[in-house]
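Participant: I would like to see how this sequence folds:
(one chain, ligands or ions: 3)
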Amino acid sequence: MTWQEQALPADHPPVKSGRIGVLVVNLGTPEAPEKGPVKRYLAEFLSDRRVVEIPAIAWQPILRGIILNTRPKKSAHAYKQVWTEEGSPLAVITRRQAEAMQARLGDGVLVDWAMRYGAPSIPDQIQKLMDAGCDRILLAALYPQYSGATTATVVDKAADKLKEMRWQTSLRTLPPYHDDPAYIDALAQDLTRQLDALDFEPEVLLLSFHGMPQRTLELGDPYHCHCQKTARLLQEKMAGRVPRFRVTFQSRFGPAKWLEPATDTVISEEAAKGTKRLAIAAPGFSADCLETLEELAIQGREQFEEEGGEKFAALSCLNTSDAGLHMLETILKRELSGWINF
Ligand SMILES: C=CC1=C(C)c2cc3[nH]c(cc4nc(cc5[nH]c(cc1n2)c(C)c5CCC(=O)O)C(CCC(=O)O)=C4C)c(C)c3C=C
Ligand SMILES: [Fe+2]
Ligand SMILES: [Fe+2]
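Facilitator: Ligands and ions are numbered 1, 2, ... in the order given. Have a look, this model is predicted:
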């Protein structure tokens, strides 16, 4: 009998079987569009020190005393307007993206998905992949533009899980892809397809990115620069398809100064100067979610029409479009190279 054939002691930890896992991650979303689940979700999200960079001793009383007593009701109402039979759009689309990647990457890898806040959690999904024999995992947070509040906190959460282990899985993380030709091409192709299908020609296309506190830019977070670079490359690629592009930042939260110009301010400015036909895209979101479906498609439209606009279109995110899936397949395969060659 060779040593490889000897039985392991009963209490021996499971032997990993050399499989490769991919964990697709996005922000997270409540379990239901009701006050209780929204409150639990917001409590977890807004307690993350990467998201709200105020010392806990000052922030937690504000969060627990004010925000978690007022915002959940309002947010639950907003979630109700976009909720689907299968659940929250962000979770449903992320799951479908992972399923599509499993089909495209083949049996050589196991693809699963997780939410940074809420369920399925990153630690549970890492455990699941390891239980299935993965000793190498590619952690793919689907944020094209890097920020401490999004990309870094996903890595922190995975590292918290690995901290518990004697025998860790190897981990790779997907780099930001804000200027990757595969991403820019996918956006240009998919937005052009959607513009071609409209029954009007927009005078302006707003490129609306999620906002961040202005302070994060001053502290060196590359997020703002990544958004600007995505926008510049996309405008170059789509040159001539719409007369004007404008970069804006949405979803301001709290009283601090956020990145400008704000999307709602720009919608007002455009309406005030007589723009009648406006389209809006959200290239920083890899999946449609509350921020695109409610804030842009519902509130944005209402605002533009009330202020004198006539034609409005909120374009979809890459989601599971052909262009979007092709892009994800390209960047995941590239990141897996050396582990598995396609
Ligand atoms: C795409 C990148 C995102 C960045 C950067 C980001 C920063 C950021 N967000 C908040 C506060 C909130 N964001 C909320 C929702 C939300 N945010 C993102 C993405 C980014 N956030 C997504 C995809 C979503 C949608 C989630 C969904 O369920 O569909 C919310 C919750 C909704 C609400 O109550 O309005 C809050 C709050 C901060 C403070 C921040 C940067 C520091
Ligand atoms: Fe956010
Ligand atoms: Fe910048």
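
Participant: For the stretch 201-342 of the chain, which residues are neighbours of ligand 3?
Facilitator: 224, 225 (C-beta under 5 Å from the ion). Using the backbone N, CA and C atoms, a C-beta is placed for each residue, glycine as well.

Participant: Buried ones in stretch 174-191, by neighbour count?
Facilitator: Across stretch 174-191, burial judged by 16 or more other C-beta atoms under 10 Å covers 174, 176-178, 180, 182-191.

Participant: cool, and stretch 260-274?
Facilitator: For stretch 260-274, by 16+ other C-beta under 10 Å, it's 262, 263, 264, 266, 267, 268, 270, 271.

Participant: picking that back up, the buried residues of stretch 174-191 in helices, which ones?
Facilitator: 182, 183, 184, 185, 186, 187, 188, 189, 190, 191 (DSSP state H).

Participant: wait, which of the buried residues of stretch 174-191 is closest to residue 168?
Facilitator: Distance to residue 168 across the buried residues of stretch 174-191 (C-beta to C-beta) is lowest for residue 174, with 18.6 Å.

Participant: Contacts only, for residue 73.
Facilitator: residue 35 (C-beta atoms under 8 Å, 6 or more residues apart in numbering).

Participant: Residue 79 versus that one, what's the distance?
Facilitator: Residue 73 sits 11 Å away from residue 79, going by C-beta to C-beta, to the nearest Å.

Participant: go on, residue 100?
Facilitator: Counting by C-beta to C-beta, the gap from residue 100 to residue 79 is 25 Å.

Participant: And those two? Which one has more around it.
Facilitator: More neighbours surround residue 79 than the other of residue 100 and residue 79, with 24 against 17 (other C-beta atoms under 10 Å).

Participant: Then that one would be within a helix, right?
Facilitator: Yes: applying DSSP: H, G, I helix; E, B strand; the rest coil, one finds residue 79 inside a helix.

Participant: in terms of contact, does it touch residue 290 like I think?
Facilitator: Yes: counting by C-beta atoms under 8 Å, residue 79 does reach residue 290; the two are 6.0 Å apart.

Participant: Please enumerate the shared neighbours of those two.
Facilitator: In contact with both residue 79 and residue 290: 29, 88, using C-beta under 8 Å, 6+ apart.

Participant: Residues that sit against both of residue 73 and residue 79, list them.
Facilitator: Common neighbours of residue 73 and residue 79, using C-beta under 8 Å, 6+ apart, do not exist here.

Participant: residue contacts, residue 113?
Facilitator: 23, 24, 25, 26, 94, 95, 97, 98, 120, 125.

Participant: scratch that, residue 104 is what I was asking about
Facilitator: By C-beta under 8 Å, 6+ apart, the neighbours of residue 104 are 325, 329.

Participant: The one 4 residues further on now?
Facilitator: By C-beta under 8 Å, 6+ apart, the residues touching residue 108 are 20, 340.

Participant: quick one: the closest residue to residue 326 other than its chain neighbours from residue 243, how far?
Facilitator: Distances taken as C-beta to C-beta, 6 or more residues apart in numbering place residue 186 nearest to residue 326, at 6.5 Å, with adjacent residues excluded. Note on residue 186: its distance to residue 243, by C-beta to C-beta, is 23 Å.

Participant: repeat for residue 288
Facilitator: For residue 288, the distance to residue 243 - C-beta to C-beta - is 26 Å.

Participant: and if you look at residue 165?
Facilitator: Here residue 165 is placed at a distance of 55 Å from residue 243 (C-beta to C-beta).

Participant: Return the set of buried residues in stretch 248-261.
Facilitator: Residues of stretch 248-261 classed as buried by neighbour count (16+ other C-beta under 10 Å): 248, 249, 250, 251, 252, 258, 259.
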